[in-house]
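S.K.: What would the 3D arrangement of this be:
(one chain, ligands or ions: 1)
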Amino acid sequence: MSQKPTVSPLALPHLKELHAYQPGFQPKEEGWVKLNTNENPYPPSPCVEEAIRATMGDTIRLYPDPTSSELREEIASLHGLRSENVIVGNGSDDILNLLTRAFSTLSETAGFTSPSYSLYPVLCGIQNSGTIQIPFSRSMALPIADIESCDANILFLTSPNAPTGVGFSNDVLRSVLRGFKGIVVVDEAYADFAKENAIELLEVSPNLVITRTLSKSYALAGLRVGYGLAASDIVEALDRVRDSYNVNRLSQAGGLAAVRDRSYMKAIVQKICRTRDFYFEELKSLGWFTYESQANMLFAEPMNARGEVGPEVALGLFEYLKSKKILVRYFPGHALTASFLRISVGDEDQMLKLSETIEQWLKNA
Ligand SMILES: Cc1ncc(COP(=O)(O)O)c(C=O)c1O
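M.R.: This is a model prediction of the structure:
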């Protein structure tokens, strides 16, 4: 029988209460329809493999460029910024971690909306920083007044939000940036799937940080590349707390090739958005409430054949899909998520298999 792991008695006291981040299940064997971690169903640009193979030669014995300078420059020119406005990380999680380290403590608190990306409270827990949770209502509109009155030193917002896929307009973000005096992090992990993004606000907002990832739209979750965009004094603070070699050689080379082949990324994103919008209509035709999504996920409230919704129904469908080797994500720990399932948008075949399996569930449940 496996024993619950214990924390060393010498570890810092706050770590005894800490729950590590729970990543979505990654099955080891083949044959699953994997719609649980918002990965891209399509392969990355072929240029990525080429670049990684070329790097595998003699240079792999050497340390990587500590600042990922070429990638910073490419990302800067992509967004019309300067390289001192860019920091590259081992996934955008790395950047979120650096932000928490640089801008929050017990007294300099961190705020985040809830429900949202569940890594933020974990990072705050590691840092032992004070936290302020700003609750959404079921509408999932951004609670601007609560944000303005919150006196956190740093605030994490996800737009489009996870797990709902709801995007916040730049007009809404502008009023947050005007009203909130600390650092505002807009986590744009899903921005390439959205109608709008906050890049233009960087010029007028010295307290704005945008984080992006190559894990979703560029189909590179396994490579671990993300980045942050901000005023140069914020980037300088993050560089001071960063690991010296935080992005390895292969990831820098692959990331650079991916960003340079932007038209490939746009083509696969377009396919995913088409599938998402088609599937959204399909869920609506079942009578299921689903948030309008600007990301590569749909957050839907399943309804059984008797017209019932709720946590039992959502859990029942989650388990049924799992028994048919389809993985989606269920978040039972929050009143606003417990009746919903988050479905990553897969390719057309995967979504068809999902539809057929839901039909069987509706007949059998
Ligand atoms: C909102 C949000 N931010 C960041 C990430 C992590 O991205 P990365 O793979 O770049 O660490 C995710 C991953 O699911 C996410 O949902």
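S.K.: ok, Phe289 touching Ala300?
M.R.: Yes: in this structure, Phe289 is within contact of Ala300 by CB atoms under 8 Å, at 7.2 Å. The C-beta positions use only the backbone N, C-alpha and C, and glycine is treated the same way.
S.K.: quick one: which of these two has more around it?
M.R.: Applying other CB atoms under 10 Å to Phe289 and Ala300 shows that Ala300 carries more neighbours, namely 25 against 15.
S.K.: quick one: secondary structure of the more buried one?
M.R.: What DSSP: H, G, I helix; E, B strand; the rest coil gives for Ala300 is strand.
S.K.: Show me what it bridges to in the sheet.
M.R.: Here Ala300 sits in beta bridges with Thr290, Leu341, going by DSSP bridges.
S.K.: Correct me if wrong: Leu81 contacts Leu229.
M.R.: Yes: in terms of CB under 8 Å, Leu81 counts as a neighbour of Leu229; the distance is 6.3 Å.
S.K.: So between those two, which is more surrounded?
M.R.: When Leu81 and Leu229 are compared on other CB under 10 Å, the one with more neighbours turns out to be Leu229, at 24 against 18.
S.K.: How about the contacts made by the closest residue to that one other than its chain neighbours?
M.R.: Closest residue in space to Leu229, ignoring its immediate chain neighbours: Ile210 at 4.5 Å, by CB to CB, 6 or more residues apart in numbering. The contact partners of Ile210, taken as CB atoms under 8 Å, 6 or more residues apart in numbering, are 185-186, 188, 197-199, 202, 228-230.
S.K.: Next, format these as a markdown table and append secondary structure, distance to Gly130 and pLDDT.
M.R.: Listed next are the contacts of Ile210 as a markdown table, based on DSSP: H, G, I helix; E, B strand; the rest coil; distance: CB to CB, whole Å; pLDDT from 0 to 100:
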| residue | secondary structure | distance to Gly130 | pLDDT |
| --- | --- | --- | --- |
| Val185 | strand | 16 | 98 |
| Val186 | strand | 21 | 98 |
| Glu188 | coil | 25 | 98 |
| Asn197 | coil | 30 | 98 |
| Ala198 | coil | 26 | 98 |
| Ile199 | helix | 30 | 98 |
| Leu202 | helix | 27 | 98 |
| Gly228 | strand | 23 | 98 |
| Leu229 | strand | 26 | 98 |
| Ala230 | strand | 22 | 98 |
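S.K.: Tell me who's in contact with the residue nearest to Leu220 when sequence neighbours are not counted.
M.R.: Closest residue in space to Leu220, ignoring its immediate chain neighbours: Leu214 at 4.3 Å, by CB to CB, 6+ apart. Residues counted as contacts of Leu214 (CB under 8 Å, 6+ apart) are 220, 223, 225-226, 255, 258-259.
S.K.: For Leu214, give its distance to Val309.
M.R.: Here the distance between Leu214 and Val309 works out to 36 Å (CB to CB, to the nearest Å).
S.K.: interface residues of the stretch 101-250 of the chain facing the ligand?
M.R.: In this structure, the stretch 101-250 of the chain approaches the ligand at residues 117, 158, 162, 187, 189, 213, 215, 221, 226, judged by CB under 6 Å from any ligand atom.
S.K.: and if we set it to 5 Å?
M.R.: For the stretch 101-250 of the chain, the residues found near the ligand under the criterion CB under 5 Å from any ligand atom are 117, 158, 162, 187, 189, 213, 215, 226.
S.K.: any idea how far Ala295 is from Thr100?
M.R.: For Thr100, the distance to Ala295 (CB to CB) stands at 23 Å.
S.K.: who's more crowded, these two?
M.R.: Neighbours per residue, other CB under 10 Å: of Thr100 and Ala295, the larger number sits with Ala295, 32 against 24.
S.K.: which parts of stretch 232-251 are buried?
M.R.: Across stretch 232-251, burial judged by 16 or more other CB atoms under 10 Å covers 234-235, 237-239, 242, 246-251.
S.K.: Arg101 is in contact with Asn128, isn't it?
M.R.: No: in this structure, Arg101 is not within contact of Asn128 by CB under 8 Å, at 11.1 Å.
S.K.: Quick check: mean pLDDT of stretch 242-256?
M.R.: The average of the pLDDT scores along stretch 242-256 is 98.
S.K.: how about the strands of this structure, start to end?
M.R.: When secondary structure is read from DSSP state E, the chain shows strands at 33-34, 86-89, 110-114, 131-135, 154-158, 183-187, 208-213, 226-230, 289-290, 297-301, 326-327, 341-344.
S.K.: Could I get these in CSV, plus columns for distance to Thr357?
M.R.: Conversion of these to CSV gives the following (distance: least, CB to CB, whole Å):
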stretch, distance to Thr357
strand 33-34, 9
strand 86-89, 37
strand 110-114, 31
strand 131-135, 33
strand 154-158, 29
strand 183-187, 32
strand 208-213, 29
strand 226-230, 33
strand 289-290, 17
strand 297-301, 14
strand 326-327, 6
strand 341-344, 12
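S.K.: re earlier: of all the contacts of Leu214, which comes closest to Leu18?
M.R.: Nearest to Leu18 out of the contacts of Leu214 is Gly226 (CB to CB; 22.9 Å).
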